[in-house]
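Q: what would the 3D arrangement of this be:
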Amino acid sequence: MANPKGLIGIIPMGTVPKHALEVISDRIFDLLGIPAHILNRVENPSYAFDRKRGQYDAAQIMTAAESMTWHDCPKTIWVLNVDLYIPIFTHVFGEARDGGSCALVSLYRLDSDAEGSPVSEEKLMARAAKVALHEIGHLFSVPHCTDYRCIMHFSTNLDVLDEIPMAFCHYCTAYLEEGVRRAGLR
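A: Below you'll find the model as predicted:
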């Protein structure tokens, strides 16, 4: 994919490592050919904290994010470092609405292995980029994929996420190209 007409905005929410934002931006451009610009930081979403669960409600954050507009960025990725949930799952690594304008990527659970030990920065960055690209796929109406070698393969498990390559299968690539075209970014 080349000749971009639009931009994807990357918005840090709260304290997020700058390197993670840069890696996400680079991978978006590498795989989609669409420039992704890092925008100004916004505050942590304290309004979405659920005391009972000790987590942040992704739907509340999405609603707030969708109410904001970012010039020249028809799609935005909000990167944060809090534990996200939606009612049907104990946690999510990211969240996006099919064909929506914004997606969430949480680094919170990506920095450790199944036993809770820290992972390398390289692994953390790869996980963050995979989650971001997966959620961007949803922004362009790409559904979950049954191909475990596709970045659109659904995962709530870090071991599965680690095995997924940083690539879209040929079917999801076609869906993605059509979604990008329909969104007017080509």
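Q: tell me the contacts of residue 144?
A: 152-154 (CB atoms under 8 Å, 6 or more residues apart in numbering). For every residue, glycine as well, the C-beta is placed using N, CA and C.
Q: could you measure it against residue 93, distance?
A: Note on residue 144: its distance to residue 93, by CB to CB, to the nearest Å, is 13 Å.
Q: ditto for residue 16
A: Taken as CB to CB, the span from residue 16 to residue 93 is 14 Å.
Q: tell me where the chain has strands.
A: Listed in chain order, the strands of the chain (DSSP state E) span 8-13, 36-38, 49-50, 55-57, 75-80, 84-86, 89-92, 94-96, 102-106.
Q: residues contacting residue 55?
A: By CB under 8 Å, 6+ apart, the contact set of residue 55 is 49, 82-85, 91.
Q: would CSV of these with pLDDT and distance to residue 62 be doable?
A: Formatted as CSV, these follow (pLDDT from 0 to 100; distance: CB to CB, whole Å):
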residue, pLDDT, distance to residue 62
49, 97, 15
82, 96, 13
83, 94, 15
84, 96, 10
85, 94, 12
91, 89, 15
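Q: please pick the buried ones from the residues you listed.
A: In terms of neighbour count (16 or more other CB atoms under 10 Å), the buried residues within the contacts of residue 55 are 82-85.
Q: what is the nearest of these to residue 120?
A: Checking the buried ones among the contacts of residue 55 against residue 120 with CB to CB, the nearest one is residue 83 at 21.3 Å.
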